[in-house]
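1. Sequence and predicted structure, then a few things I'm wondering about:
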Amino acid sequence: MELLPLMYVAIGGAFGSVMRFIISSTIGKMNLTEFPLPVMIVNITGSLLLGLWIGYMTTLLPERAKDLHMLLAIGVLGGYTTFSTFSLESYQLIEKGLWLQAGAYMAGSVVLSIAALFAGLALMRLLTAQ
């Protein structure tokens, strides 16, 4: 694997992660409820930014798209939120008319991810119980 694309992803990912932390922390200080508003805002803004980027990249920058895509979409937005990628992949399935696959992907990703979290927590509780 080439080093330069990895560097783009690493640098972008670090920036995106820091931005997620700053935004989540700032919004979290203002959020006086149990509702996970900071994560929701990060997911929504990340999806918006990925939509803007994909639209821009495919129409205006196709010749430079690969390097910039590695830095911005995979790196920055991947570090900021992977939910934006989930949103893009859901859109792509719907755009292709693959409604059943889109529904299965969306429902399966959400339900199975939550189930996997429960399973991981339960397993660790069993393994660490004394």
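-> Noted; the coordinates are in hand.
2. pLDDT-wise, which helix or strand of this structure ranks last?
-> helix 65-68 (a mean of 81; mean pLDDT, DSSP states H and E).
3. Next secondary structure after that one?
-> Next helix or strand after helix 65-68 toward the C-terminus (DSSP states H and E): helix 77-80.
4. same for that next one, what does it pack against?
-> helix 3-30, helix 37-60, helix 83-95 (3 or more CB pairs under 8 Å, 6 or more residues apart in numbering; DSSP states H and E). C-beta here means a position set from N, CA and C on the backbone, and glycine is covered the same way.
5. Let's see that with 6 Å instead.
-> helix 3-30, helix 37-60 (3 or more CB pairs under 6 Å, 6 or more residues apart in numbering; DSSP states H and E).
6. With mean neighbour count and distance to Leu93 as extra columns, can I get these in TSV?
-> Formatted as TSV, the entries for these read as follows, by neighbours: other CB atoms under 10 Å; distance: least, CB to CB, whole Å:
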stretch	mean neighbour count	distance to Leu93
helix 3-30	15	24
helix 37-60	16	15
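7. Would you map out the domains in this structure?
-> Using automatic domain parsing, the domain ranges for the chain come out as 3-96, 99-130.
8. picking up where we left off before, and of the helices and strands packed on helix 77-80, who's closest to Met70?
-> Distance to Met70, taken as CB to CB, is lowest for helix 3-30 among these, at 3.9 Å.
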